[in-house]
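J.: Sequence plus predicted model, see below.
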Amino acid sequence: MNRLLALAVIGLTQSLVAGDEEEGRSVLLLYKKMTPMSGFSVGQPFNVTLSIFNRGQGDAYSLVINDDNWKSDKFRVVAGANNFTLDYLNHGESHVHEFTVVPIKKAWHRVRPARMAFIDGVEGENTVMHMSNNLPDIRIAAEKDLLEESLLSFGRVITLNTVQTKKGWMYASSGVVLFLLVQLFRIAKQVLKQRRHLRALDDLTKKGS
């Protein structure tokens, strides 16, 4: 049943697109992407890309694109702009817009679709609204210590990836300290034994004389 419904929806969508193309309408698609898609943390920038495609036979005018998903209490837009406009997008053309965002707060964040409004050449002054694709929610972790991360990476290399985390190094260092204490105890015990032996020899020498 679900499969039949999905096929019906696909067929209806294709029919609508085909109808728009026959009438010379613009058919715009808005695609939103983030790079990278994982490993988000406070202070580490990532890029947001908004791509617009005109798949129809007509031209679109007065495009207004808004991606108001990056509130100032959680993020800073440090390069580019999250809102922009285009005078027109002719049929068969595309446009790519990119901006950079820096998280400033540890949080879970719901990534919402970007929005686009435009005027279709056939529709005259009527404004057409469109939404981008959905993206999964993201987790913003606490700020990473770059020196600590570098040391951990170096540690993974020299230990052949045996010790990978800060906790692992804590356990490893505890083992090293325990080993050194045991060695110091053995050395001290050996020194005391040698001193006793020397005292015994000294006593025998004094008695012999």
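T.: Cool, the structure landed. Numbers count the residues shown, from 1 in each chain.
J.: Kindly export stretch 130-140 (C-alpha atoms) in CSV.
T.: Only the C-alpha atoms of stretch 130-140 are listed here, as CSV (Å, rounded to 0.1, in the frame of the first residue of the first chain):
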residue,chain,number,x,y,z
HIS,A,130,9.9,27.0,-1.9
MET,A,131,11.8,25.1,0.9
SER,A,132,15.1,23.3,0.8
ASN,A,133,15.8,19.7,1.8
ASN,A,134,15.9,18.7,5.5
LEU,A,135,19.1,17.9,7.3
PRO,A,136,19.6,15.9,10.5
ASP,A,137,19.9,17.6,13.9
ILE,A,138,23.5,18.3,15.0
ARG,A,139,25.3,18.2,18.3
ILE,A,140,27.7,21.0,19.2
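J.: For that stretch, buried residues please.
T.: Residues 130, 132, 135, 138, 140 are the ones in stretch 130-140 that count as buried (16 or more other C-beta atoms under 10 Å). C-betas here are computed from N, CA, C, even on glycine.
J.: Stretch 80-99 too?
T.: 82, 86, 89, 91, 97, 99.
J.: I'd like the buried residues of stretch 130-140 written out as CSV, with distance to A188 and pLDDT added.
T.: Putting the buried residues of stretch 130-140 into CSV (distance: C-beta to C-beta, whole Å; pLDDT from 0 to 100) gives the following:
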residue, distance to A188, pLDDT
H130, 79, 92
S132, 71, 94
L135, 63, 93
I138, 56, 89
I140, 52, 88
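J.: in a strand, that's where V128 is, yeah?
T.: Yes - judged by DSSP: H, G, I helix; E, B strand; the rest coil, V128 forms part of a strand.
J.: for the helix ranked longest in the chain, packing partners?
T.: Secondary structure of the chain per DSSP state H: the longest helix is helix 166-208. Helix 166-208 is packed against helix 146-158, with contacts defined by 3 or more C-beta pairs under 8 Å, 6 or more residues apart in numbering; DSSP states H and E.
J.: Distance-wise, check Q183 relative to M116.
T.: According to C-beta to C-beta, to the nearest Å, Q183 stands 70 Å off from M116.
J.: Could you chop the protein up by domain?
T.: Following the assignment in automatic domain parsing, the chain carries domains at 29-140, 147-208.
J.: Same drill for Q183 and M116, tell me which one is more crowded.
T.: Neighbour totals were compared for Q183 and M116, and M116 leads with 22 against 10 (other C-beta atoms under 10 Å).
J.: Given the host helix or strand of the more buried one, what are its sheet partners and their directions?
T.: Using DSSP states H and E, M116 sits within strand 115-120. Sheet pairing here is set by DSSP bridges, and for strand 115-120 it gives strand 60-66 (antiparallel), strand 127-131 (antiparallel).
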